[in-house]
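Participant: Fold the following and give me the result.
(chains A and B)
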Amino acid sequence: KQEVTQIPAALSVPEGENLVLNCSFTDSAIYNLQWFRQDPGKGLTSLLLIQSSQREQTSGRLNASLDKSSGRSTLYIAASQPGDSATYLCAVLSGYSTLTFGKGTMLLVSP
Amino acid sequence: EAGVTQFPSHSVIEKGQTVTLRCDPISGHDNLYWYRRVMGKEIKFLLHFVKESKQDESGMPNNRFLAERTGGTYSTLKVQPAELEDSGVYFCASSQQLASTDTQYFGPGTRLTVL
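Facilitator: Residues are numbered from 1 along each chain as shown, chains lettered A, B, ... in the order given. I've put the predicted structure just below:
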C-alpha cells in the first residue's frame, strides 16, 4: 500500500528566503508525481507534474526533483514571497487512476 | 475556459439524512475523479469515471455512497444515509487524458458536515 509523507508539516520563513519541501513515498512503482498548492477554501492547483522517467521539472521560481529509486521528491521555491503562503501537497500516481496524497506542508511567508 | 465546478460549496445535514454532491468537469474531459479529505487526514481517492463508466471505485468506503455520471457529463455523489464520519471535504477532479499522462484539475470542493 502506497504511503506518502511530507516534511515539515508546517514552515514559516521571511520573504526572500529559498526553501525546500520534502516528500517521500513507500512504493517506487509510480507513474508520476505531482505537487499541488491549496489556498484556504479553494481547490487544488497543480504546480508541477514529473513523469516517472524524469528527474526534475521547473516552472518559474519552482523546481521539483524526483528520485524514484529512493522514493523521494523535493519542491524548491526560490526567493519566496508572501503570495506563496499556502498548503503544498505532494501526490503520487501508482495505480491506474489513484493519486495518493501526503498530508501537506503549510507554508507561511512573512513580509 | 471554465474550471471544475462543484455544488454546493457547503452542506450541513443531520445524521441519517441524504445528501447529493454535484461535480461539473471541464468541458471535453472524459476522466472524472472523486476524492475526499476527512479531518486531520490526507486526501483519499474514491473513484474514477471514464465517460459514464466507473473505471475504478476501489476507494468508495461503503455502499452508503453512490456515484453516477449519466451521459458522461456531470457527476453526482450521493451519501445515504449520512453518518458522522462522512464529514469532510469532497473534491472532484477531471482530466482529458488518463491520469498517468495528464494533470488532474481539481474543483474547490464541497465541505460536508454531518451533525
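
Participant: how close does the closest residue to residue B:70 other than its chain neighbours get to chain A?
Facilitator: Leaving out its chain neighbours, the residue that sits closest to residue B:70 by Cβ to Cβ, 6 or more residues apart in numbering or on different chains is residue B:52, at 6.5 Å. Heads up, the C-betas are built off the backbone N, CA and C, glycines and all. Distance of residue B:52 to chain A, computed by Cβ to the nearest Cβ, to the nearest Å: 16 Å.

Participant: residues contacting residue B:52?
Facilitator: B:69-72 (Cβ atoms under 8 Å, 6 or more residues apart in numbering or on different chains).

Participant: Among those residues, which ones are in helices?
Facilitator: Judged by DSSP state H, the contacts of residue B:52 include no members of helices.

Participant: Of the residues you listed, which is the nearest to chain A?
Facilitator: Chain A has its nearest neighbour among those in residue B:69, at 13.9 Å by Cβ to the nearest Cβ.

Participant: Neighbours of the closest one, how many?
Facilitator: A count of neighbours around residue B:69, defined by other Cβ atoms under 10 Å in any protein chain shown, yields 21.

Participant: doesn't residue B:49 make contact with it?
Facilitator: Yes: assessed by Cβ atoms under 8 Å, residue B:69 is found in contact with residue B:49 at 4.5 Å.

Participant: anything in contact with each of the two?
Facilitator: Common neighbours of residue B:69 and residue B:49 are listed as B:32, B:75 (criterion: Cβ under 8 Å, 6+ apart).

Participant: ok, the residue lying closest to residue B:6 once chain neighbours are set aside - how many residues close by?
Facilitator: Nearest residue to residue B:6, sequence neighbours excluded (Cβ to Cβ, 6+ apart): residue B:107, at 4.2 Å. If you count neighbours by other Cβ under 10 Å, residue B:107 ends up with 24.

Participant: do residue A:1 as well
Facilitator: 6.

Participant: coming back round to it: could you pull up the contacting residues of the residue nearest to residue B:6?
Facilitator: Applying Cβ under 8 Å, 6+ apart to residue B:107 gives the contacts A:43, B:3-6, B:23, B:91-93.

Participant: Which of the residues you listed ranks first by neighbour count?
Facilitator: residue B:92 (28 neighbours).

Participant: Just to be sure, that residue is in a helix?
Facilitator: No: in this structure, residue B:92 is strand, not part of a helix, as judged by DSSP: H, G, I helix; E, B strand; the rest coil.

Participant: and the helix or strand hosting residue A:46 with chain B, contact?
Facilitator: Element membership of residue A:46, judged by DSSP states H and E, is strand A:44-51. Yes: for strand A:44-51, a contact with chain B is found by Cβ under 8 Å from any Cβ of the partner chain, at A:44-46, A:49, A:51.
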